[in-house]
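Peer 1: Just the structure for this:
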Amino acid sequence: MARRVGIEPSYLSKIERNQVAPPSEATTVRLAKELGEDPDVMLAMAGKVSGDLQEIIRKRPVLFAELIRQLKEMPDHAILRIVREVRDGDW
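Peer 2: Down below sits the predicted model:
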């Protein structure tokens with residue numbers, strides 16, 4: 001698998017054993033795709049946020065910080081309802 005995602009097998013082993021810092025965003029995304037996992041989940045597990053999300057947050061940091069803090073305690077079904085309304089809404 002290491003070769004398929006373009007890294008050395010020894011480096012992958014060190015990642016798996018927590019002996020090195022999490023890999024770059026690009027490497028994490030390639031690993032996620034190879035494993036059939038969601039790249040955003042894998043990035044979060046590595047303590048990272050994708051570059052595209054960082055850019056979105058940078059444009060309106062106060063609003064997104066407040067939004068995320070308000071969503072923190074909400075159940076998943078409520079968050080999914082908000083996502084659907086935003087996605088399907090007529091603005």
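Peer 1: from here on, contacts and neighbour counts on C-alpha atoms
Peer 2: Fine.
Peer 1: Do a quick rundown of the strands in this protein.
Peer 2: Per DSSP state E, the chain carries no strands over any range.
Peer 1: can you give me the helices in it?
Peer 2: 2-5, 9-16, 25-35, 39-45, 51-59, 61-71, 76-88 (DSSP state H).
Peer 1: Any chance of CSV for those, columns mean neighbour count?
Peer 2: CSV is the format used below for those (neighbours: other Cα atoms under 10 Å):
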stretch, mean neighbour count
helix 2-5, 13
helix 9-16, 13
helix 25-35, 17
helix 39-45, 16
helix 51-59, 11
helix 61-71, 11
helix 76-88, 11
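Peer 1: Pipe these into a markdown table and attach mean pLDDT per row.
Peer 2: Supplementary listing: the helices of the chain in a markdown table, determined by pLDDT from 0 to 100:
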| stretch | mean pLDDT |
| --- | --- |
| helix 2-5 | 95 |
| helix 9-16 | 96 |
| helix 25-35 | 97 |
| helix 39-45 | 96 |
| helix 51-59 | 96 |
| helix 61-71 | 96 |
| helix 76-88 | 93 |
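Peer 1: Count the residues that sit near the closest residue to Leu43 other than its chain neighbours.
Peer 2: Take Leu43 and drop its neighbours on the chain: the residue closest to it by Cα to Cα, 6 or more residues apart in numbering is Val49, 6.0 Å away. Val49: 16 surrounding residues under other Cα atoms under 10 Å.
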